[in-house]
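task: produce atomic coordinates for the following.
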Amino acid sequence: MKVLLLGSGAREHALAWKLAQSPLLTTLHCAPGNAGMAERWPCQPVDLVSPPAVVALVKRLAVELVVVGPEAPLVAGVADALKAAGIAVFGPVQAAAMVEGSKIFSKELMQTAGLPTAKWEAFDDLAKAEMRARSWQGPVVVKADGLAAGKGVVVADNGVQGAEAVRSLGQLGAGKRLILEERLTGPELSLMVLTDGEHYALLAPSQDHKRVGDGDTGPNTGGMGAYAPAPLLSRQALERVAEQVIAPMLRELKKQGSPFVGALYAGLMLTPTGPQVIEFNCRLGDPETQVLMMQLDEDLLGLMASCTRGELVTRTLKSHPGVSVAVVLAAQGYPEAPVSGAVITGLEQPTPSDVERFHAGTARKNERWVVNGGRVLSVCAHADSLTEAQALAYREVARISFAGGHFRRDIGAGGGTAPRPLK
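All right, here's what the predicted structure looks like:
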């Protein structure tokens, strides 16, 4: 099967790595890809948010399946254009992708489907939003309605900080409409499935580390690391939560005429009173995908193709024994103002067994690796235990260096105990 993978981050590098293991694959193209991906697979330039450009590329390459990695092309309607051209695509149509494209739409959908989620209020008037945030009793979460590359959420400790967050997010293109919601407490869990619009296959539970600093300090980022499987829910409890969170969302989207085909991601907060849905995303997470691909003990391409044909069976996917950890190496100044251009050393050395380096913000210049983005690399390791996987990952991180580079040193620390399952 000839496949085109859309995207350019470490998530897409990990997907390419896993797709390449499939006996069904004949040719893999990436668009636009990144410097690390280009070492193994042909990469094609394309405007990811231009449906006509993507369709033209697909026709030129004569691929049989398109896998869409990031959210922006999906919200732009790339899957719709591909379907209209008769091309199989793993990724939801625009109307279904709005579960991530609009937080207000997503909250309304959760409400209709009867899902447990934080109390919230929507605003399209920034002055009113600021006034409401200032009067909020206790901590408040401020969210931009649209896509903001992982930077559209501010968790404020009080009303004054909430009002500041409204002013800040209101300056973003994604912040013309805002949500204020109550802050939930408890460990977060990333629950992701592959789905054909009705049935779904559960990936291992994972846990992201969103804040830039150790101990969950500093501003939110696109993600500084992850591990899987996260031991916060038993398999039985996880399957129950999926039945009560994923299944109703899929039913509601299908009822509204927009079946969701692709990867659906539910961000959960495991509160003392049970799991609550923080958000939905219309694609796999980054950096969670990196560890999920190392854990998955099944043919990813076969699963994705089954989704596009409506042939999936609801079940939990097989995982390799053990644990995988991903540590993100970030550029100087990330997330506020990342600095590119620093020379990266250490990538010339081969990785040990059970360690992978997935590229994101890298480039080749004068035969050297250089920094070319905020999140530069995801260093991933798999081992029998969490402790061993952490040691492997951080040992590899220590071999890589670039000016101003930074990373969290506590990825996977914390773990947790299984909370009370959702009733």
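
list the contacts for the residue minimising distance to the centre of the chain?
When C-alpha atoms, centre = their mean is applied to the chain, the residue found nearest the centroid is G285 (1.5 Å). By C-beta atoms under 8 Å, 6 or more residues apart in numbering, the contact set of G285 is R11, S190, M192, S206, D208, G223, A226, Y265. Backbone N, C-alpha and C define where each C-beta goes, glycine included.

which members of those residues are positioned in strands?
S190, M192, D208, A226, Y265 (DSSP state E).

just flag the most distant two among the residues you listed.
Farthest-apart pair in those is A226 and Y265; separation 12.3 Å (C-beta to C-beta).

on that earlier part again, which of the ones in strands among the contacts of G285 sits closest to A389?
A226 (11.4 Å).

re the thing from before, between A226 and Y265, which is the more surrounded one?
A226 (29 against 24; other C-beta atoms under 10 Å).

residue contacts, the residue with the largest distance to the centre of the chain?
The outermost residue of the chain, judged against the average C-alpha position, is S135 (33.0 Å), by C-alpha atoms, centre = their mean. Contact partners of S135, counting by C-beta under 8 Å, 6+ apart, are G159.

which of the residues in stretch 248-259 are buried?
Neighbour-count burial for stretch 248-259, counted by 16 or more other C-beta atoms under 10 Å, picks out P248, M249, L250, E252, L253, S258, P259.

over to stretch 79-97?
Within stretch 79-97, the residues that qualify as buried are 79-83, 87-97, counting by 16+ other C-beta under 10 Å.

touching both of A226 and Y265, which residues are there?
Joint contacts of A226 and Y265 (C-beta under 8 Å, 6+ apart) are S190, G285.

list the buried residues in stretch 307-327.
307-308, 312, 314, 316-317, 319, 322-327.

so which of these are in strands?
Per DSSP E, the buried residues of stretch 307-327 map to strands at T316, V323, S324, V325, A326, V327.

now the residue farthest from the centre of the chain. Its backbone dihedrals?
The phi and psi values for S135, taken as degrees, to the nearest 10, are phi -90, psi 0.

and it, what pLDDT?
If you check S135, the pLDDT there is 93.

now I246: which helix or strand?
helix 235-255 (DSSP states H and E).

what's that helix packed up against?
Contact here means 3 or more C-beta pairs under 8 Å, 6 or more residues apart in numbering; DSSP states H and E; on that basis helix 235-255 packs against helix 94-101, helix 103-113, strand 188-195, strand 200-202, strand 262-271, strand 274-281, strand 315-316.

the first one vs strand 274-281, what angle?
Meaning helix 94-101. 120 degrees (axes from the mean of the first three to the mean of the last three C-alpha atoms, to 10 degrees).

who's in contact with helix 94-101?
71, 74-77, 79-80, 91, 105-106, 109, 146-147, 249, 253, 256-262, 264, 279-283.

all strands for the stretch 1-150 of the chain, in order.
Using DSSP state E, counting those that start in this stretch, the strands of the stretch 1-150 of the chain run over 2-7, 27-32, 65-68, 88-90, 120-123, 140-144.

how about those strands, which one is nearest L169?
Comparing these under C-beta to C-beta, the one sitting nearest is strand 140-144, at 4.7 Å.

quick one: the strands in the stretch 301-423 of the chain?
In the stretch 301-423 of the chain, the strands defined using DSSP E, counting those that start in this stretch lie at 315-316, 323-330, 343-344, 355-359, 362-365, 368-371, 375-383.

tell me which of the ones you listed sits most buried.
The highest average neighbour count among these, using mean count of other C-beta atoms under 10 Å, belongs to strand 323-330 at a mean of 28.

that one to strand 355-359, inter-axis angle?
Here the directions of strand 323-330 and strand 355-359 differ by 40 degrees (the same axes, to 10 degrees).

show the average pLDDT along strand 323-330.
Strand 323-330 comes out at a mean pLDDT of 98.

still on that earlier bit, with mean pLDDT and distance to M294 added, can I get the helices and strands packed on helix 235-255 in TSV?
Shown next, in TSV, are those (pLDDT from 0 to 100; distance: least, C-beta to C-beta, whole Å):
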stretch	mean pLDDT	distance to M294
helix 94-101	97	24
helix 103-113	96	29
strand 188-195	97	14
strand 200-202	98	17
strand 262-271	97	17
strand 274-281	95	20
strand 315-316	97	17
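
need the ones you listed in a markdown table with distance to L25, can you?
As requested, the helices and strands packed on helix 235-255 are exported to a markdown table (distance: least, C-beta to C-beta, whole Å):
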| stretch | distance to L25 |
| --- | --- |
| helix 94-101 | 26 |
| helix 103-113 | 33 |
| strand 188-195 | 17 |
| strand 200-202 | 19 |
| strand 262-271 | 18 |
| strand 274-281 | 26 |
| strand 315-316 | 23 |
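
among the ones you listed, which is nearest S401?
strand 188-195 (29.7 Å).

got a list of what the nearest residue in space to A122 that is not next to it in sequence touches?
Residue nearest to A122 in three dimensions, not counting chain neighbours: I104, with 4.8 Å by C-beta to C-beta, 6 or more residues apart in numbering. By C-beta under 8 Å, 6+ apart, I104 lies in contact with A122, D145, R177, I179.
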